[in-house]
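Student: Following is a predicted model, sequence given first.
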Amino acid sequence: MLSSLRATASRSLTRSLASQQQRGFKCSVLGAAGGIGQPLSLLLKLNPRVTELTCYDVAPVTPGVAADLSHCSSNSKCTGYSGEDLKKALDGCQVVVIPAGVPRKPGMTRDDLFNTNASIVKNLVAACAEACPKACLLIISNPVNSTVPIASEVLKSKGVYDPKKLFGVTTLDVVRARTFIAQAKGLDVNKVTIPVIGGHAGTTIVPLISRAEPKVSFPDAERDALTNRIMFGGDEVLKAKAGGGSATLSMAFAGAEFADKVMAALDGKTGITECTFVESTVTSSKFFSSPVTLGKNGVEQIHGYGEVNAYEQKLINDMLPDLTAQVEKGIKWAQENK
């Protein structure tokens, strides 16, 4: 009898643990037919944390993108929407990733994208506010330094703004920093960590090489070149593609990585700290990217950037006025275009 009870208890515990492990999320990618959106959707479709994925884009091909993804042998349902079906795509979503917008072309800065992408982000976030007001919103659409503040103002106007659930995805800057440092020093990239703070455009991107783990050092000229490469990695890809596209695959990879960390934290995993662009009091800028501990409700704790050397502090001091202006530009635009 006792052995039977133990066996029953063991089966019950096994089922309980399996149930916990199988908890999944309904996610949506807005801009799913684009250069970032398609590989991002593929990576999320393959993520075991995602049990349902909706793909939305204004392009009529989007249902076909979802049909294509639905043939992938992963345990998630995938549905595509386009045109007027935005709110259907968002209904019940817990995580929404937004790469929608026009891509950068050679000679364009992220700020050149502002007028077009500002309106796109405004409309998409307004729909999120109505269809899934408690979802975590992960903004990829450039210029992130302005689109995230726009999103915050839209959510405020709808009465559903939760600063713990609005993120600017700056993970690509971290991915580049880890990759370039690992290549330069012959390290295992999977064991390299480095905070990249500030914003997500040019000189507002500040890699804290002095805080890298394992510890690394470079001669000044090499350090300057490495820092510049991290800041302007997107330009490197634009040039290499010779007008044929921007950094789509690496951005999709980074977006999927950050979305996975958000979902893991929502599911109760502790100790997850990632750099992300959020409403912040770390500096004088209203939004700032620094290490953030994620939790069951989104942002759990925002950390300062810690001790830095004189070179890095100068980079921070020099870029803060530009970052602040880009943030304020987004806020002002949103307030004038309600």
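Tutor: That came through fine.
Student: longest helix in this structure, by residue count?
Tutor: helix 310-336 (DSSP state H).
Student: Which strands or helices does that one pack on?
Tutor: helix 114-131, helix 144-157, strand 196-198, strand 205-207 (3 or more Cβ pairs under 8 Å, 6 or more residues apart in numbering; DSSP states H and E). C-betas here are computed from N, CA, C, even on glycine.
Student: what do you get if the cut-off is 6 Å, keeping everything else the same?
Tutor: Applying 3 or more Cβ pairs under 6 Å, 6 or more residues apart in numbering; DSSP states H and E, one finds that helix 310-336 contacts helix 144-157.
Student: Do a quick rundown of the strands in the stretch 151-300 of the chain.
Tutor: 166-168, 196-198, 205-207, 273-279, 287-295, 298-302 (DSSP state E, counting those that start in this stretch).
Student: circling back to that earlier point, quick one: work out the angle between the longest helix of the chain and strand 287-295.
Tutor: 90 degrees (axes from the mean of the first three to the mean of the last three Cα atoms, to 10 degrees).
Student: and the angle from helix 310-336 to helix 144-157?
Tutor: Using the same axes, to 10 degrees, helix 310-336 lies at 40 degrees relative to helix 144-157.
Student: what residues go with each domain of the chain?
Tutor: Here the domain parsing of the chain from automatic domain parsing is 25-170, 171-328.
Student: From A256, how far off is S82?
Tutor: According to Cβ to Cβ, to the nearest Å, S82 stands 22 Å off from A256.
Student: Looking at the two, which has the bigger crowd around it?
Tutor: A256 (24 against 21; other Cβ atoms under 10 Å).
Student: For V29, see how far away the more buried one is.
Tutor: Where V29 is concerned, A256 sits at a distance of 10 Å (Cβ to Cβ).
Student: Any stretches of the stretch 51-200 of the chain with poor pLDDT?
Tutor: 109-110 (pLDDT under 70).
Student: which residues in this structure form helices?
Tutor: Using DSSP H, helices in the chain cover 2-21, 37-45, 62-70, 86-90, 114-131, 144-157, 171-185, 220-231, 233-240, 249-266, 310-336.
Student: List the buried residues in the third one.
Tutor: Just to be clear, that refers to helix 62-70. Within helix 62-70, the residues that qualify as buried are T62, P63, V65, A66, D68, L69, S70, counting by 16 or more other Cβ atoms under 10 Å.
Student: again, but for the fifth one
Tutor: Of the residues in helix 114-131, those buried by neighbour count under the rule 16+ other Cβ under 10 Å are 114, 117-118, 120-122, 124-129, 131.
Student: Show me what that helix is in contact with.
Tutor: 30, 86-87, 90-91, 96, 98, 100-102, 137, 141, 143, 146-147, 150-151, 154-155, 158, 160, 333 (Cβ atoms under 6 Å, 6 or more residues apart in numbering).
Student: Of those residues, keep whichever come out buried.
Tutor: Using 16+ other Cβ under 10 Å, the buried members of the contacts of helix 114-131 are 30, 86, 90, 96, 98, 100-102, 137, 141, 143, 146-147, 150-151, 154-155, 160, 333.
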